[in-house]
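Asker: Return atomic coordinates for the entry below.
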Amino acid sequence: NYLRERGFDVVELSTESENRARSMVIDRLGDRISALKVSNVIGIADTMVISEIDSMRFVRASLVIGADLMSLEPFQD
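Answerer: Have a look, this model is predicted:
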């Protein structure tokens, strides 16, 4: 809901089997600008935006929430 309220189209929610220490945004189409927009609104450092091109996913970016979730912008209220 946090992302949708800010104009992002969230198409899928899922759980990953791997637990990550830090959250990241994965650029899926080679559109780093879009991936950076997601990272900025969530509060993820630009250094945690990586590129893994996968045009079969039909999304610009994937957001992976890690164990640091309580430090991210949506959880700061």
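
Asker: residue contacts, the residue nearest to the spatial centre of the chain?
Answerer: Centroid-nearest residue in the chain: Leu63, 2.2 Å away (criterion: Cα atoms, centre = their mean). By Cβ atoms under 8 Å, 6 or more residues apart in numbering, the residues touching Leu63 are Leu3, Ser23, Met24, Val25, Ile26, Val38, Ile42. Every C-beta, even on glycine, is put in place using the N, C-alpha and C of the backbone.

Asker: Top of those residues by number of neighbours, please.
Answerer: Counting neighbours by other Cβ atoms under 10 Å, Val25 leads the contacts of Leu63 with 25 neighbours.

Asker: Tell me which helix or strand that one sits in.
Answerer: strand 24-27 (DSSP states H and E).

Asker: host element of Ala67?
Answerer: Ala67 belongs to no helix or strand, assigned by DSSP H and E.

Asker: Show me the shaky parts of this protein.
Answerer: For the chain, no stretch is flagged by pLDDT under 70.

Asker: Would you map the helices across it?
Answerer: 2-5, 32-42 (DSSP state H).

Asker: just checking, what packs against the last one?
Answerer: Using 3 or more Cβ pairs under 8 Å, 6 or more residues apart in numbering; DSSP states H and E as the contact criterion, the elements in contact with helix 32-42 are helix 2-5, strand 24-27, strand 49-51, strand 61-64.
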